[in-house]
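sequence plus predicted model, see below.
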Amino acid sequence: MSVSETTLRALKDLGLTDYETSSYLVLVEGGQMSASEVSTKSRVPYSRIYDVLGRLEEKGFIQVMRGRPTLYTAKAPTEVVRLVRLAWEDKIERSSKTVVDELQPRFERESHASPKDVWVMHGRAAVLAKAIEMVNSARDEIKLSIPSFDLEENDAVSVAGRVLQTKAERVYVLTSHVTGSARKLIPKNFEVRTRDRVFGAGLVVDGRQTLIMLAGPEEEREFLGVYSSHAVFAAMAGAYFDSLYSDSQSIRRV
C-alpha cells in the first residue's frame, strides 16, 4: 500500500515500528488476512510476523479471530486514533499525578530563596495578567496598594475591578484616591485606607505571592513587574504594606 511520507511518520509518532506500520497498512487495504498473507504482502519476515501482529493487537490497531487459521483485521483509523489518544491521556494523567504527589511537597519544603523564586515581567499586559491570576487564586488574604482605586482607569479595571470579585476572606486596600463608583461597590469584608501619596502598585496574596508593579514616565509607557513566589519576599512586602497601612485613614463607606 502506497501512502505519503507524512502518514508514515504519523504512524510512527503513534508508536508503530516499521514492521508494524507495514503490516497495519496491508490489513487496512486488504481486509481480513492470515499471518502468512500479511507476511507476504508486507514483506515482514515470517519468523517475525506473529510477534509483530501480537504487538499490533496489544496497541489496539487490529482485531484477531482465533481459529484455523487465525485471521487478522485492521481496526478503523478513527477508532485507532481515539484509542491511542485515550491511552496517552491516561498515561499522562497517571505520570503527572506521580510527579506532583512526590515532588511538589519537596519543592514546597524548600526554605531558601533561589533564582526560580523571582520573575521579572515587561509590558503592561504581562504584568496585569499576572496580577489577575494572583487575585483569582486568592483564598485567605489580599493586600493591594494602588495609586487610585478607580474602576474607570484601564489599569484599575483589570486589578481593582477583579479584586472586588475576589473570594478571599480578607482584603486590605491602600490607595491615595477612591472614586465614588468604586466606593459604592466595596464589600463588607474589605478594609480600604487612603494616604496622600501611593507610589507604584503592589500585591501580596495569601502570604505567599508578591507582585510589585511599576510604570515608567508617561511618555515612555514602560511597565515592569517583579513577581516572587517565596514566603520571605511576601513577608517583607507584607510588613512594608502594614507599616504604611497603619499610618493611613479609613474611608467612609457609602
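Sure thing, it's come through. Numbers count the residues shown, from 1 in each chain.

E79: neighbouring residues, count only.
Neighbours of E79 under the rule other C-beta atoms under 10 Å: 12. Where you see a C-beta, it was placed from the backbone N, CA and C, and this is true even at glycine.

which helix or strand contains it?
helix 77-109 (DSSP states H and E).

cool, K143 as well?
Secondary structure assignment for K143, by DSSP H and E: strand 141-146.

quick one: mean pLDDT over that strand.
For strand 141-146, mean pLDDT is 89.

buried residues of the helix holding E79, list them for me.
Buried residues in helix 77-109, counted by 16 or more other C-beta atoms under 10 Å: V80, V84.

again, but for stretch 194-201
T194, V198, A201.

bridging residues for the first one?
For T194, the beta-bridge assignment (DSSP bridges) gives partners T175, Q249.

below-threshold pLDDT in the stretch 1-150 of the chain: ranges please.
Residue ranges of the stretch 1-150 of the chain with pLDDT under 70: 1, 108-116, 150.

residue contacts, D18?
Listed by C-beta atoms under 8 Å, 6 or more residues apart in numbering, the contact partners of D18 are K12.

measure it to R48 for me?
Per C-beta to C-beta, to the nearest Å, D18 is found 11 Å from R48.

T7 now?
Distance, T7 to R48, by C-beta to C-beta: 23 Å.

now do L224
For L224, the distance to R48 - C-beta to C-beta - is 62 Å.

these two: who's more crowded?
Applying other C-beta under 10 Å to L224 and R48 shows that L224 carries more neighbours, namely 17 against 12.

all strands of the stretch 151-254 of the chain, in order?
Using DSSP state E, counting those that start in this stretch, the strands found in the stretch 151-254 of the chain span residues 170-175, 190-194, 201-205, 209-215, 223-228, 249-250.

what lines up beside the strand holding K143 in the sheet?
strand 170-175 (parallel), strand 201-205 (antiparallel).

who's in contact with the longest one?
If you take C-beta under 8 Å, 6+ apart as the criterion, strand 170-175 is touched by 140-149, 163, 187, 189-195, 198, 241, 244-245, 248.

just the shortest one next, same as before
In this structure, residues lying in contact with strand 201-205 by C-beta under 8 Å, 6+ apart are 131, 134-135, 137-138, 141-147, 159, 168, 209-214, 234, 237-238, 241.

how is the protein partitioned into domains?
Segmentation of the chain into domains, based on automatic domain parsing, reads 5-75, 117-250.

can you give me the end-to-end distance of the longest one?
Taking C-alpha to C-alpha, to the nearest Å, domain 117-250 runs 34 Å from one end to the other.
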